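**Q** Here is a sequence with its predicted model. Questions after.
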Amino acid sequence: MKITNLDTVVVDFYRTNLIFVRLTTDEGLTGIAEATLEGQEQAVLGAVAVLAEAVRGKDPTRITQTIYEVNRDAYWRGGPVSMTALSALEMAMWDVSARALGVPVHRMLGGQVRDRVRAYANGWFSGATTPADFAEAAIQTVAQGFRGLKWDPFEAADLTLEPRDLRRMLEPVAAVREAVGDDIELFIEGHGRFDVPTAIRVARGIEQFQPVFFEEPCPPDSIDALIEVRSKSPVPIAAGERWMGRNTFIPALARKAVDYVQPDATHAGGLLEMSFISTLAAAHYVPFAPHNPSGPLSTAATLQARRNPAEFPIPGNHGDRRALAKWNLHRAPPTDCGGRHPDPPGRGTGHRTGLRRDCRTPLHAASHADLQ
Ligand SMILES: [Mg+2]
């Protein structure tokens with residue numbers, strides 16, 4: 001089997017564009033994956049086009065060799081654009097390889113460890129502005145079956161916060177905790193906003209709400225900043241969604257920068273790299289909490305790599321149901337109404353898409369064939 005092409009489809013996903021990558025072969029089998037990278041769509045499309053030239057004619061089942069070679073041969077390697085494209089190539093190769101054998105990808109990665117995976121909700125607060133709005137949205141989300149809620153309450157905060165602003169921003173958090181009780185898990189997202197002293201102040205401010213973790217308190221490019229925050233934070237610290245490749249995770253784990261590590265398969269290097277990072281995390285007894293704010297193919301792929309025995313909830317997609325209904329992405333998102341991800345069915349990454357032709361955004365300028 002040889003790779004004949006690697007092309008892309010861009011889909012409007014209400015808050016961003018999803019980028020799907022399709023790997024086609026001379027035997028008619030296709031593999032699909034996702035290369036969504038908010039705000040960098042044009043750059044990712046270019047990076048995938050470069051990879052397409054590099055892998056044409058290669059055997060798609062020789063995943064390790066191919067990824068090693070295309071990475072080695074790229075003098076300028078790494079970074080979010082290149083790694084997102086590379087991750088999509090890797091996951092599409094897993095998909096087509098597993099389909100060729102008629103098995104789910106997880107069967108090739110050590111097999112599944114559990115039958116269901118908990119999912120926490122994100123995007124559940126859409127449209128909420130007041131503490132009462134957040135409380136109501138939280139109650140409705142919990143009523144759907146979710147047992148965890150994540151959100152960023154910090155508005156447009158940049159590096160620092162006035163004490164009165166922090167107090168105001170924590171009012172919705174208090175309202176949500178009050179509304180849902182102590183048994184619902186809250187995850188507070190920082191989106192890398194804060195400098196070190198502000199992050200420590202915020203961590204101390206949210207301690208009263210007993211969050212599972214405070215995610216990305218500082219920008220992602222300083223492990224020393226995270227170590228400093230974690231050393232003084234009364235709540236657990238999570239990070240890793242903007243770290244790419246094992247070489248960024250090794251020092252973070254070795255230096256105890258995080259309580260939870262959050263690689264994103266769509267950017268960290270794909271499924272094998274995420275499995276390696278999962279093993280590294282397990283060796284440090286650091287909980288592995290895969291990140292994924294992207295679309296259904298990223299969710300499906302992430303579920304295939306769940307080989308860490310330590311169960312941890314992974315994200316239900318932002319607005320999945322709305323976007324999937326809009327664009328007729330059938331086979332439903334792999335989040336059931338109980339707030340858990342059921343066993344991924346079928347072959348490959350267990351997800352097929354039936355994209356309508358009119359779902360493409362103007363960014364798309366390639367094939368008009370449907371992904372199947
Ligand atoms: Mg995040």
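**A** Sure, I can see it. Residues are numbered from 1 along each chain as shown.
**Q** Strands of the protein, start to end?
**A** 3-12, 17-25, 30-34, 117-120, 148-151, 185-189, 213-215, 237-239, 260-261, 314-315, 340-341 (DSSP state E).
**Q** Just give me the residue closest to the centre of this structure.
**A** Most central in the chain under CA atoms, centre = their mean is residue 292, positioned 1.5 Å from the mean C-alpha point.
**Q** Relative to residue 229, how far out is that residue?
**A** 24 Å (CB to CB, to the nearest Å). The C-beta positions use only the backbone N, C-alpha and C, and glycine is treated the same way.
**Q** swap in residue 223?
**A** 11 Å.
**Q** Of the two, which one has the most company?
**A** Remark: of residue 223 and residue 229, residue 229 carries more neighbours, 27 against 19, as counted by other CB atoms under 10 Å.
**Q** residues in contact with the residue lying closest to the more buried one once chain neighbours are set aside?
**A** Leaving aside its chain neighbours, residue 229 sits nearest to residue 199 (4.6 Å; criterion: CB to CB, 6 or more residues apart in numbering). Residues counted as contacts of residue 199 (CB atoms under 8 Å, 6 or more residues apart in numbering) are 190, 214, 217-218, 225, 229, 233.
**Q** so which pair among the residues you listed is furthest apart in space?
**A** Across the contacts of residue 199, the longest distance by CB to CB is 13.3 Å; it joins 214 and 225.
**Q** Can you pick out the residue with more neighbours from the two?
**A** Neighbour totals were compared for residue 214 and residue 225, and residue 214 leads with 28 against 19 (other CB under 10 Å).
**Q** shaky segments in the stretch 151-300 of the chain?
**A** Within the stretch 151-300 of the chain, no stretch has pLDDT under 70.
**Q** Which residue ranges of it form helices?
**A** 163-180, 196-206, 223-232, 246-254, 265-268, 271-283, 296-304 (DSSP state H, counting those that start in this stretch).
**Q** Comparing these, which comes out most buried?
**A** helix 265-268 (a mean of 30; mean count of other CB atoms under 10 Å).
**Q** which secondary structure elements does that one contact?
**A** Secondary-structure packing of helix 265-268 (3 or more CB pairs under 8 Å, 6 or more residues apart in numbering; DSSP states H and E): helix 79-101, helix 271-283, helix 296-304.
**Q** closest one to residue 240 among those helices?
**A** Of the helices and strands packed on helix 265-268, nearest to residue 240 by CB to CB is helix 271-283, at 8.0 Å.
**Q** Residue 151 pairs with what?
**A** Counting by DSSP bridges, residue 151 is bridged to residue 188.
**Q** Contact partners for it?
**A** Shown in contact with residue 151 (CB under 8 Å, 6+ apart): 122, 124-125, 187-189.
**Q** Is it possible to get JSON lines of those residues that adds distance to residue 21 and neighbour count?
**A** JSON lines is the format used below for the contacts of residue 151 (distance: CB to CB, whole Å; neighbours: other CB atoms under 10 Å):
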{"residue": "122", "distance to residue 21": "24", "neighbour count": "22"}
{"residue": "124", "distance to residue 21": "29", "neighbour count": "22"}
{"residue": "125", "distance to residue 21": "31", "neighbour count": "21"}
{"residue": "187", "distance to residue 21": "29", "neighbour count": "22"}
{"residue": "188", "distance to residue 21": "33", "neighbour count": "25"}
{"residue": "189", "distance to residue 21": "27", "neighbour count": "20"}
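**Q** burial measure for the closest residue to residue 97 other than its chain neighbours, as a count.
**A** Once flanking residues are discounted, residue 97 sits nearest to residue 61: 4.5 Å by CB to CB, 6+ apart. The burial count assigned to residue 61 is 17, neighbours taken as other CB under 10 Å.
**Q** Ok, residue 161 next?
**A** Counted with other CB under 10 Å, residues neighbouring residue 161 total 22.
**Q** That one contacts residue 201, correct?
**A** Yes. Here residue 161 reaches residue 201: they are 7.5 Å apart, a contact under CB atoms under 8 Å.
**Q** if we can go back for a sec, any chance of TSV for the helices and strands packed on helix 265-268, columns distance to residue 241?
**A** Shown next, in TSV, are the helices and strands packed on helix 265-268 (distance: least, CB to CB, whole Å):
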stretch	distance to residue 241
helix 79-101	10
helix 271-283	12
helix 296-304	12
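**Q** I am finished for the moment; much appreciated.
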